[in-house]
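Chemist: Return atomic coordinates for the entry below.
(one chain, ligands or ions: 3)
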Amino acid sequence: MTRTLRFLLGDQLSRSIASLDGLDPTLDVVVMAEVGEEATYVPHHKKKIAFLFSAMRHFADELRGEGIAVDYAAFAEAGGPSSLTEALRRAVERHRPERIVVTEPGEWRVLQVMRDWSELFGCPVEIREDRRFLCSTEAFARWAEGRKDLRMEFFYREMRRRTGYLMRGRDPEGGAWNFDKENRKALPASLDAPPRPSFAPDETTRLVLALVARDFAEHFGDLEPFDYPVTRADALKALDWFVENALPLYGDYQDAMRQGEPLLFHSNLSALINCGLLLPAECCRRAEDAFHAGHAPLNAVEGFIRQIVGWREYVRGIYWLKMPDYAAENALGADRPLPAFFWTAETDMNCLRKAIGETKANAYAHHIQRLMVIGNFCLLAGLDPRAVQEWYLLVYHDAYEWVEMPNVVGMILFADGGLLASKPYAASGAYIDRMSDYCNGCRYDVKQRVGPDACPFNPLYWDFLARHRKRFAGNRRMAMMIATLDRMDPAQLAAMRATADAFLTALR
Ligand code: FAD
Ligand code: DLZ
Ligand code: SF4
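Modeler: Numbering: from 1, shown residues only. Ligands and ions are numbered 1, 2, ... in the order given. I've put the predicted structure just below:
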């Protein structure tokens, strides 16, 4: 007899996840399933599917190693369960449980489905809080209630107080909450990024790689080489490596970009945290310990902790606060389809060629590539928010709607009209030139603003400001840019706008 079925989703691979609380190995069964619907509701990058299926299989083996019964459905195109609901229906028929226990899912879409399960299966379904997050959706809603301004910075301070990270009593370590001003250095040519550890595929991963090559051949991205950690033990090694080798310079060069160096000093831990192999709290604690041990400076550790207890928790709060309407936001009325080079990386714009090419190869790009290169282009070119959301959700190994959507809708596209960002993250080519070496290898000239050789970011930037002048005129943080726009020689502005128009018309 089975007392409780505990259904674990592919991004819930933590031994301390709430749905495993109170598990009785003599009576309970854990259910896990690789299903086509989750892999194809957007056609995820091949590496993301391989990573998750392999991590799921390893996690199931670890549970079995503890003597826990796991009913695992491996992916099968014919005959296998096609959806989470179908997988659970079959498991309920097999085990006839007294109840089902799950942890709340990361996506609104899945929560709607989960809420129907009890009636569908005639069995009580308990949906438990996802305690991996340091702020529950209810606590976030309480924080947001009645506030006019939902800026991340205010939320972050409260999270610092609540968690105690980098606090001295009631005051922040170092006398300030945020050391971002120190975190915008350009990378010196003489400084090399530290070599990364590689995690060679074992037999389980090799089987998954063969499956993905066969059944998801049409999906975006390169499947191999694949060297990602897929177990808790290897994820911990990746965290150790980061804290030891990259964290000390993480802050200084957080915004820098270099050709051929996709990671620089970034952690590459997001996919591991999001699927449960690492806990956000343990990553912050490790970074904080490195600060107290004198191994990493405050600007690096504060910057890293802010990304996790600040941005990561904040975007999740915004997602659950604003869904389902958030998905359809389009405050700037953008409607241009994605250009073909988003899938091929074949463009003369070197920064985009590199950032999209690395995305295709690695299912990863670091934050500034996502925000200030690809995102900046999406904003300035007026790309359709729904198409941009889908692209970001399918190309990155760490992408789930709860984190992807606010970053796209709020952070890069300003499609929520300024709920998340106080001003759009719009920049001309000069920003990319300052923070990277991309412009050296580009067929466009970053100094030019007009004509066929002008860096497209320059005319697009001014055209964007001119197009939305009325909306941004009232925004204090945009005052300088609007004043520069207003002072511009009308003939020069017209020439730039014609250059932008010619570029956009030629986009396919
Ligand atoms: P690091 O620079 O080492 O940062 C440390 C950790 O902080 C990350 O692992 C991540 O957990 C967290 N973090 C940093 N920035 C953010 C942020 N803005 N929002 C949430 N968490 C953050 N991150 C995802 O995990 N999944 C996504 O689908 C995703 N989509 C994004 C889409 C856009 C348009 C943008 C601008 C950002 C997106 N991010 C997303 C946030 C961020 O770019 C990635 O978390 C980061 O690049 C992952 O690399 P890393 O682990 O090396 O990060
Ligand atoms: C992303 C993903 C993929 C590709 N495949 C599966 C799967 O086969 N089975 C599963 O349980 N979960 C998968 N996931 C993760 C889910 O999409 C994720 O749990 C939901 O989007 C909620 O965050
Ligand atoms: Fe990108 Fe413009 Fe620099 Fe080319 S010149 S790499 S398009 S910013």
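Chemist: Can you show me the helices along the stretch 101-250 of the chain?
Modeler: 108-115, 117-121, 137-144, 152-163, 203-215, 232-241, 247-250 (DSSP state H, counting those that start in this stretch).
Chemist: So which of those is nearest ligand 3?
Modeler: helix 247-250 (24.0 Å; CB to the nearest ligand atom). C-beta: built from backbone N, CA, C; applies to glycine.
Chemist: Return the most buried member of the helices of the stretch 101-250 of the chain.
Modeler: helix 247-250 (a mean of 22; mean count of other CB atoms under 10 Å).
Chemist: thinking again about what came up before, can I get the helices of the stretch 101-250 of the chain in CSV including distance to residue 446 and mean pLDDT?
Modeler: Converted to CSV, the helices of the stretch 101-250 of the chain look like this (distance: least, CB to CB, whole Å; pLDDT from 0 to 100):
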stretch, distance to residue 446, mean pLDDT
helix 108-115, 41, 98
helix 117-121, 54, 97
helix 137-144, 40, 97
helix 152-163, 31, 96
helix 203-215, 39, 98
helix 232-241, 35, 98
helix 247-250, 26, 97
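Chemist: Could you work out which of those reaches nearest to ligand 1?
Modeler: Judging the helices of the stretch 101-250 of the chain by CB to the nearest ligand atom, what sits closest to ligand 1 is helix 247-250, at 6.7 Å.
Chemist: Quick one: list the elements packing against that closest one.
Modeler: In terms of contacts (3 or more CB pairs under 8 Å, 6 or more residues apart in numbering; DSSP states H and E), helix 247-250 is packed against helix 280-292, helix 298-305.
Chemist: Please work out which residues outside that helix touch it.
Modeler: The contact list for helix 247-250 (CB atoms under 8 Å, 6 or more residues apart in numbering) reads 191, 265-267, 287, 290, 295-297, 300-301, 303-304.
Chemist: got it, and stretch 470-486?
Modeler: 332, 418, 422, 423, 424, 462, 465, 466, 469, 493.
Chemist: which one of the helices and strands packed on helix 247-250 is the most hemmed in?
Modeler: Taking mean count of other CB under 10 Å, helix 298-305 is the most buried of the helices and strands packed on helix 247-250, at a mean of 24.
Chemist: got the CA positions of it in CSV?
Modeler: This file holds the C-alpha atoms of helix 298-305, laid out as CSV (Å, rounded to 0.1, in the frame of the first residue of the first chain):
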residue,chain,number,x,y,z
LEU,A,298,33.1,43.5,0.1
ASN,A,299,32.2,44.9,-3.3
ALA,A,300,32.4,41.3,-4.8
VAL,A,301,30.5,39.6,-2.0
GLU,A,302,27.8,42.3,-1.6
GLY,A,303,27.4,42.3,-5.4
PHE,A,304,26.9,38.5,-5.5
ILE,A,305,24.6,38.4,-2.5
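Chemist: wait, which of the helices of the stretch 101-250 of the chain is closest to residue 76?
Modeler: Of all these, helix 203-215 sits nearest to residue 76, with 9.0 Å by CB to CB.
Chemist: neighbouring contacts of that closest one?
Modeler: 46, 49-50, 53-54, 57-58, 61, 75, 77, 201, 223-224, 226, 230.
Chemist: ok, now stretch 81-91?
Modeler: With CB under 8 Å, 6+ apart, stretch 81-91 has contacts from 5, 7, 9, 29, 31, 33, 35-38, 71, 73, 100, 110, 113, 116-117, 120-121.
Chemist: And stretch 387-399, by the same measure?
Modeler: Residues contacting stretch 387-399 (CB under 8 Å, 6+ apart): 42-45, 47-48, 51, 219-221, 228, 270-271, 273-274, 327, 337-338, 342, 359-360, 362-365, 370, 378, 400-401, 404-405, 407-409, 412-413.
Chemist: out of these, which touch ligand 2?
Modeler: Restricting those to those touching ligand 2 (CB under 6 Å from any ligand atom) yields 44, 400.
Chemist: hmm, back to that, check the contacts of stretch 81-91 for burial and list the buried ones.
Modeler: 5, 7, 9, 29, 31, 33, 35-36, 38, 71, 73, 100, 110, 113, 117, 121 (16 or more other CB atoms under 10 Å).
Chemist: how close does residue 471 sit to residue 414?
Modeler: 9 Å (CB to CB, to the nearest Å).
Chemist: before we move on, back to that, dump the contacts of helix 247-250 into a markdown table; add pLDDT as well.
Modeler: Listed next are these as a markdown table, based on pLDDT from 0 to 100:
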| residue | pLDDT |
| --- | --- |
| 191 | 95 |
| 265 | 97 |
| 266 | 97 |
| 267 | 98 |
| 287 | 98 |
| 290 | 98 |
| 295 | 97 |
| 296 | 98 |
| 297 | 97 |
| 300 | 97 |
| 301 | 98 |
| 303 | 97 |
| 304 | 98 |
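Chemist: As TSV, those residues with distance to ligand 3 would be great.
Modeler: Listed next are the contacts of helix 247-250 as TSV, based on distance: CB to the nearest ligand atom, whole Å:
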residue	distance to ligand 3
191	21
265	22
266	20
267	26
287	32
290	35
295	35
296	31
297	30
300	27
301	31
303	25
304	27
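Chemist: Which one of those residues is nearest to ligand 2?
Modeler: Out of these, the member with the shortest distance to ligand 2 (by CB to the nearest ligand atom) is residue 267, at 20.6 Å.
Chemist: Could you check how far that closest one is from residue 286?
Modeler: 10 Å.
Chemist: anything in contact with each of those two?
Modeler: With CB under 8 Å, 6+ apart, residue 267 and residue 286 have common neighbours residue 239.
Chemist: Tally up the residues packed near residue 344, please.
Modeler: 12 (other CB atoms under 10 Å).
Chemist: Contact residues of the stretch 201-350 of the chain facing ligand 3?
Modeler: Near ligand 3, when you scan the stretch 201-350 of the chain using CB under 6 Å from any ligand atom, you find 349, 350.
Chemist: Low-confidence stretches in the stretch 201-350 of the chain?
Modeler: Of all residues in the stretch 201-350 of the chain, none has pLDDT under 70.
Chemist: rewinding a little: from the contacts of stretch 387-399, which would you call buried?
Modeler: Using 16+ other CB under 10 Å, the buried ones in the contacts of stretch 387-399 are 42-45, 47-48, 51, 219-221, 228, 270-271, 273-274, 327, 338, 342, 359-360, 362-365, 370, 378, 400-401, 404-405, 407-409, 412-413.
Chemist: Okay, and which of the residues you listed map to helices?
Modeler: The helices, defined by DSSP state H, take in 47-48, 51, 270-271, 273-274, 342, 359-360, 362, 378, 401, 404-405 from the buried ones among the contacts of stretch 387-399.
Chemist: thinking again about what came up before, can you name the two of the buried ones among the contacts of stretch 81-91 that sit furthest apart?
Modeler: Across the buried ones among the contacts of stretch 81-91 (CB to CB), the longest gap, 22.7 Å, separates 29 and 36.
Chemist: What residue in the stretch 1-150 of the chain comes nearest to ligand 3?
Modeler: residue 45 (23.5 Å).
Chemist: which residues do residue 471 and residue 414 both contact?
Modeler: residue 332.
Chemist: residue contacts, the residue of the stretch 351-500 of the chain found nearest ligand 2?
Modeler: As assessed by CB to the nearest ligand atom, ligand 2 sits closest to residue 400 within the stretch 351-500 of the chain, at 4.6 Å. Counting by CB under 8 Å, 6+ apart, residue 400 makes contact with 11, 106, 107, 274, 393.
Chemist: who wins for neighbours among those?
Modeler: residue 11 (26 neighbours).
Chemist: what about it, which SS state?
Modeler: coil (DSSP: H, G, I helix; E, B strand; the rest coil).
Chemist: Once you drop chain neighbours, what's closest to it?
Modeler: Among residues not flanking residue 11 along the chain, residue 275 sits closest, at 4.6 Å (CB to CB, 6 or more residues apart in numbering).
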